[in-house]
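Asker: have a look at this fold, sequence not included:
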C-alpha cells in the first residue's frame with residue numbers, strides 16, 4: 001500500500017503580475033503566497049525551489065538517521081541544507097543541481113564508517129531517487 005500525501009497550489013493571472021498560494025495536506029503550509037517576484041526577485045513568500053530543498057533536506061536527514069540506526073548509532077543532531085539551483089536553459093528553466101550540506105553530531109563513530117553510511121543515505125533517500133538533477137553532498141561530522 002502506497003503512502004500518499006499532497007500539496008496543492010492555486011494561481012491567478014499572468015506569469016509576472018499573477019499570484020498564487022501553496023498549501024499542504026497537513027496544514028503546515030496554508031495559503032502560503034508565491035509568485036514570479038518570490039521566485040525570481042527575492043520578495044517575501046515561497047517558491048517551488050525552496051520547497052523542493054526543504055523536502056530533500058528533511059528526507060535526507062531521515063534516511064541518514066535510519067541508516068545510522070541500522071548500524072547501531074543514534075545521532076545527537078543532523079542539520080541539513082539543500083540548495084536548489086534553477087538555471088535558464090534552452091529557452092526555459094531547469095533545476096540543474098542540488099547541493100546538500102549536512103552537519104552531524106555523532107560521537108563514537110569512525111570517519112570511515114560515517115563516510116560510508118552518509119553516502120548510502122544520499123543515494124537511498126527517496127527524494128534523491130526522484131530528482132534527476134545532479135545532487136552533491138558536503139558534510140561535517142562533529143564527534
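Answerer: Arrived safely. Note that the structure is a prediction, hence the values are computed from the model and not measured. Numbering: from 1, shown residues only.

Asker: skip ahead from whatever helix or strand residue 58 lives in and say which helix or strand is next.
Answerer: According to DSSP states H and E, residue 58 maps onto helix 48-70. Next along the chain after helix 48-70, taking DSSP H and E as the criterion, comes strand 77-89.

Asker: now the angle from that next one to helix 48-70?
Answerer: Angular relation of strand 77-89 and helix 48-70 on a 0 to 180 degree scale: 140 degrees, by axes from the mean of the first three to the mean of the last three C-alpha atoms, to 10 degrees.

Asker: pairing partners for strand 77-89, with directions?
Answerer: With DSSP bridges as the test, strand 77-89 is paired with strand 92-105 (antiparallel).

Asker: if we can go back for a sec, what does the helix holding residue 58 contact?
Answerer: Helix 48-70 has contacts (C-beta atoms under 8 Å, 6 or more residues apart in numbering) with 7, 22, 34, 39, 74-75, 78-84, 86, 95, 98, 100, 102, 104, 106, 109, 117-118, 120-122, 124-128, 131, 135. C-beta: built from backbone N, CA, C; applies to glycine.
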